[in-house]
Every structure is written in structure tokens, then in C-alpha cells.
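K.L.:
got a sequence here, can you model it:
(chains A, B, C and D)
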2 protein chains.
Amino acid sequence: MTVSDVIHAHFATLTRAEKQLAASLLDNYPVSGLGSITTVAENAGVSTPTVARMVQKLGFRGFPDFQARLHHELEATLSSPISKHDRWAANAPGTHILNRFADAIMNNLRQTLSQVETAEFNGASALLADRQRSIYIIGGRITKALADYLFTHLQVIRPHVTQIASNPSSWPHYVLNMKAGDVLVIFDIRRYEQEMETLGRIARERGVEIVLFTDQWASPVAKVAAKVFRVHIEAPSAWDSSVVTLFIVEALIEAVQSSGWEETSDRMKTLEGLFEASRLFRKPRPEVSGKS
Amino acid sequence: MTVSDVIHAHFATLTRAEKQLAASLLDNYPVSGLGSITTVAENAGVSTPTVARMVQKLGFRGFPDFQARLHHELEATLSSPISKHDRWAANAPGTHILNRFADAIMNNLRQTLSQVETAEFNGASALLADRQRSIYIIGGRITKALADYLFTHLQVIRPHVTQIASNPSSWPHYVLNMKAGDVLVIFDIRRYEQEMETLGRIARERGVEIVLFTDQWASPVAKVAAKVFRVHIEAPSAWDSSVVTLFIVEALIEAVQSSGWEETSDRMKTLEGLFEASRLFRKPRPEVSGKS
DNA sequence: GGTCCAATGAAAAAATCTCTTCAAAAAAAC
DNA sequence: GTTTTTTTGAAGAGATTTTTTCATTGGACC
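P.N.:
Purely as a prediction, here's the structure:
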């Protein structure tokens, strides 16, 4: 049982300052636990007694004992012939799904980023940041969650953001409102949905700028899109991975956000206020009753 | 220049006892240098003054300085294979948001994986794979998209999967249907929503097993959860990152899927058929008309 | 063999670290 | 809102570690 295991096992029973310390120890484990008790305490932002107390609570005879255990672990880790650094989840076998997935994601991320044009990214970010343009967002069956995520954030950052319902029969109503210069963000990953292409074409005809998130094989919508992100989505799974797509989405959100921070900041404060107000409307303790 | 390099560089000028000490340090480097000066001296079979003298001879300000250098090296070694990727998007400047984000995500991934218990992961996967148990999934304002993603996939993989609407007033209806042994997946990332804790507690009281996705500071729901994933969510942004959470979700989906591949495969084929059939019901070319 | 000098470790001094006590602050319970 | 309990860090006592001092050893050179 490693020190890390011990910390995890006791985590629930730790107090606030101790949790803070535990987090600091696990963060950059095990190096963060190597200095003197004073250093460890300072790094974690707690007092030395907290450190002394916690290691005893964890079952060690004292800080020196705790540290000796760390040294032994480190020795074991470092001296193993093929040192375990190439493993992600150190405590899982190399073939565990977590490690295989991590490898795949790393590859996807590296390949995607080596191909993405900074200009493309900046251009897309500028389109989404432009308050003159209305934004429409749509995703497919699987990518709906990503569209939803982008929508939830953009909605806070700026006005005039609309999420398009997945049901194609409702689309004409949205297209009706789009004007030239508006932006349509489409998520279309393989098993390309044919209606997407139609939607993209028609929007383009009306002068709408299209930002497309797709996979490396590129959805047919790419033909009419102003900005295209070709994301690598392979995973050791029957399903494609959306992790890297979400990565790009988040980076884009940040780019849009920072381009108009003043305004966004105001909007977020107002939103806080609204949340607060809506809380006041509720009953003090909203019981979720389980009685049958 | 590493400590090891320094020792080698000075090796010729060392005295007998110092050579003995140097050999001891290089043997099983760098762990042998981690203990107190007393321990190091004992292991090498020399006196403590020899150690103190030599490290000064090597150019360090004293034994603590020497040891601090070792710690830094260790830190770099332990994290390097993964994070030393200095630039992700080769064609973007190192400070471009894409590169800064990539660094942050890699850190999150590394730290999260080093902390996630394989047993915890396998346990959660087993819970979700058990066809005897019904699955309920709920997310907060931001994490709704993740809950949605998990739901969309699990729904294909197995029966009895329900997504809980975000409106707390509808929750009692869901709880009413939960029976002991059922599984409730909760996404609760900071700005923990208080109602989540209530929901978790009540579900737990009814014997429901809770799987929680939260951040490194742990939502209060953790107290009643059977399995907890504490994901690192830091990003160079005003928002938290959900990328690593999605990563875990996808790995979990794959784990659940592969545990019952036979059945899932059948279900997916049936689903294909249903998609096909539903297409036939529609008009041949569903025009998305833009006429106003 | 004798002298000298660098090298070494015992021992003490100085510095630092670890742990305990205790009072204040925070949280929880009432 | 008050009381009780728990948590927390400042301060200091005690232990340990690091450094320095210094006497001894062992080898080099005459």
C-alpha cells in the first residue's frame, strides 16, 4: 500500500487544512513530500503542526517515518528496469483501459494541434467574438453534448447565442432568422448526418459564416465552411473520442472570452446576481422526498 | 547540469573517503542521496563531516542545498516524458492559447491519472455494467453536457438508463423509481450545487450506489458516494476545463461496453435497423427550406 | 626513522527541524 | 443567537541534523 493509497483512503476523514495538505502532497507526488516538514507545510499553505498531525492520523509514527516511506516508494519506482514513467496511471497495468486511452488521446491531441492552423483558430475566435453577429450552434446525435457545452458558455459570454434543436423539422425556423454575417457552428463527426450538409448549404447561401468541427476525414459540410477544425478522434473503443474536440472548444471559449473581457465580466456579475435572486424565490430547504 | 554530472566532473579530485561516498551516491542515484546527512554518511560508510565537506567541494552551499537540487531533478525526471513537450501546436507561438491550454490539460490528465484508483475505476465500471441495476445520470449547469454525453452512449450500450432533468422540482419523481442497488451518476464540479448533496443523501438512504465525478476539492456529495473520481480541472481560463472529466467518462464507457460486448453488439445492430426504418418514414429528401 | 601534511572522524556548537501545548478562530450543534 | 465542539496555527520545548573545530591517523617525502 503506497503513501498515495493511504492518503486516498483517509481523504474523507480529513479536515479542511488537511485536505489542502493532502492535495498538495498528491499534486506532484511524491516529490512534494520530500522536503522538510517546514517546506512541505509552506508549499501546502498550512502550518507545520497540521503536517505533523496529519501524518500521525494517517498511521505513520511521525514525519520522518512518513518520509522514509516516500523514499522507499521512490526507490522502487525509479529502480524498476523499465521505469514506470511511460505509464499514465501509475497504479494501473500498462494495458489497462485508462493507460491505453491516455496514449490514444495524447496522439490525437498532438496530431490535431500539429495540423490546426493558428490563423484558422484565430479567425474562428474572431467570428464568435464579434457582437454584431448572431451565433447559432448545432450538433449531431453524439456531438449534441459538445454543442450544448459551447452554447452554455457562449451564452454567458455574449448575447445573441442560439442553440438549434436537433430535430431537423424545426430547422427552417432558425434559418429564417439568420442574416448575412451571422455564424453557424456545426459539429459533424463521422456518421455524418445528411441533413447537416443541407443545413450548411442553405445557411451559406444566405451569407452565413460556418464554423465546422469535424474529424480528420472531414464532413461534407467542409465545402461550405469558412473555418474548419479537423480533429483526430480515434480511441481504443467502439466509439470515437470527443476529448480533443472538447479541448478545441474550450480553447475557443477562452479566446472569445478574453477578447471581450470587460463586457463578459459584467455579464458574469449580473448572472451571479440573478442566480442569487432566483435562490431567494425558492423554499429554504428544497426537500427531495423519497417517500413512496 | 545534473548533480550526477557534477559528481562525475569532480571525481578525479576526490579523496579516498569522498570517492567512496560519490560511488555510493551514484549507485542507486538519486534515491541514495535523499535521506539525512547522517543516513547518507552511514550508507556510504563515511563520517558526516566527509559528506558536508564534499558537497561544498562540489560547489553546493551545503547539504540542504545539495538535496534541494536532487529534489528538483527528481521532479523534472518524474514529470518530463509527458510534459516536456514544449510546443504542441508547432505553427503557433508558445504562448498561444492553444499551447497554454495543451500544457494545462496534459498536467490535469497526468495528475488525475496518477491519483485515480484503478479499483475505483473498475468498481464504477462494474456498477454501470450490471444489467440488474438501473442507471440514473444527472449533471449541473456546466456539467449537464457531460451527463448528456454519458447518457447518450450508455443508452445504446444497455437498458434501464435514465437522464435526470436539471430542474430539482422534478427529482422526487425519479427518486421514487430508484430501488436499492440502482446506480446514480452525479456530476458536481465546483460551485457545488447544494441540491445535489440533498439528492445524493436521499438516494443513498434508499440504498442507491452513487458514482461521483467531481474536482480535486471534492463536492460534498463525496461523503455518500460509493465511487468518486476527483478530476483536475484547472485551465488558463476563467472557466474550468471539462476535458479530463470527459476523458474519464469515455474510458468508463469503453470499459462498460467491453464488459458486455455480445449484448451491446446486438443492441447496436438493432439500433442501426431502427435508424434505417425511421428514415424510411420520412420524405425522401427532407428539404430544409429557407423561404420566408 | 623522522617530519610534514592532507585526510579523516569524534565531538561540540550552531542551526534547523519536529512535535507538543495552548489559545484563538471556525464550524457545528442547539 | 448562543453554546459547544472541532480545527487551526503561534510559540516554544525538545530532538535531530548540519556544520565547524580539532585531535588523530596514515601516507609521502627527505
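K.L.:
for the longest strand belonging to chain A, packing partners?
P.N.:
Taking DSSP state E as the criterion, chain A has its longest strand at strand A:209-215. Applying 3 or more CB pairs under 8 Å, 6 or more residues apart in numbering or on different chains; DSSP states H and E, we find strand A:209-215 packed against helix A:118-129, strand A:183-187, helix A:194-205, strand A:227-231, helix A:243-259. For glycine as for every other residue, the C-beta is placed from the backbone atoms N, C-alpha and C.
K.L.:
can I get the ones you listed in CSV including distance to B:D5?
P.N.:
Formatted as CSV, these follow (distance: least, CB to CB, whole Å):
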stretch, distance to B:D5
helix A:118-129, 38
strand A:183-187, 51
helix A:194-205, 58
strand A:227-231, 42
helix A:243-259, 38
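K.L.:
before we move on, back to that, list the contacts of the longest strand of chain A.
P.N.:
Residues from elsewhere that reach strand A:209-215, judged by CB atoms under 8 Å, 6 or more residues apart in numbering or on different chains: A:124, A:127-128, A:133, A:143, A:146, A:181-190, A:192, A:200, A:203-204, A:219, A:221-222, A:224-233, A:240, A:245, A:248-249.
K.L.:
can you check stretch A:49-60 too?
P.N.:
So stretch A:49-60 is contacted by A:6-7, A:10, A:13-14, A:17-18, A:21-22, A:37, A:40-41, A:44, A:62-63, A:65-66, A:69 (CB under 8 Å, 6+ apart).
K.L.:
give me whichever of the helices and strands packed on strand A:209-215 is most buried.
P.N.:
strand A:183-187 (a mean of 27; mean count of other CB atoms under 10 Å in any protein chain shown).
K.L.:
that one vs helix A:118-129, what angle?
P.N.:
Interaxial angle, strand A:183-187 versus helix A:118-129 (axes from the mean of the first three to the mean of the last three CA atoms, to 10 degrees): 120 degrees.
K.L.:
please determine whether strand A:183-187 lies in contact with chain B.
P.N.:
No. Against chain B, strand A:183-187 shows no contacts by CB under 8 Å from any CB of the partner chain, the least distance being 11.7 Å.
K.L.:
just the angle for that strand relative to helix A:194-205, thanks.
P.N.:
Using the same axes, to 10 degrees: strand A:183-187 against helix A:194-205 is 160 degrees.
K.L.:
for strand A:183-187, name the packing helices and strands.
P.N.:
So strand A:183-187, by 3+ CB pairs under 8 Å, 6+ apart, packs with helix A:118-129, strand A:135-138, helix A:144-157, helix A:194-205, strand A:209-215.
K.L.:
downstream of the longest one, the next helix or strand is which one?
P.N.:
Looking back up the chat, that one is helix A:144-157. strand A:161-163 (DSSP states H and E).
K.L.:
secondary structure element holding the residue sitting furthest away from the middle of chain A?
P.N.:
Distance to the chain centre peaks in chain A at A:R61, reaching 40.2 Å (criterion: CA atoms, centre = their mean). Per DSSP H and E, A:R61 falls between elements, in no helix or strand.
K.L.:
distance of A:A255 relative to B:E205?
P.N.:
In this view, A:A255 and B:E205 are 45 Å apart by CB to CB, to the nearest Å.
K.L.:
how about the residues of chain A by DNA strand C?
P.N.:
Contacts of chain A with DNA strand C, taken as CB under 7 Å from any atom of the strand, map to A:16, A:36-39, A:48-49, A:52-53, A:55-56, A:61-65, A:67.
K.L.:
in helices only, show me those.
P.N.:
A:16, A:37-39, A:48-49, A:52-53, A:55-56, A:63-65, A:67 (DSSP state H).
K.L.:
could you dump those to a markdown table with distance to DNA strand D, pLDDT and neighbour count?
P.N.:
Listed next are these as a markdown table, based on distance: CB to the nearest atom of the strand, whole Å; pLDDT from 0 to 100; neighbours: other CB atoms under 10 Å in any protein chain shown:
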| residue | distance to DNA strand D | pLDDT | neighbour count |
| --- | --- | --- | --- |
| A:R16 | 3 | 86 | 10 |
| A:I37 | 10 | 90 | 19 |
| A:T38 | 9 | 89 | 11 |
| A:T39 | 12 | 89 | 17 |
| A:T48 | 6 | 90 | 15 |
| A:P49 | 4 | 91 | 11 |
| A:A52 | 8 | 90 | 15 |
| A:R53 | 7 | 90 | 16 |
| A:V55 | 13 | 90 | 26 |
| A:Q56 | 12 | 88 | 14 |
| A:F63 | 10 | 90 | 18 |
| A:P64 | 6 | 88 | 13 |
| A:D65 | 11 | 88 | 12 |
| A:Q67 | 10 | 90 | 23 |
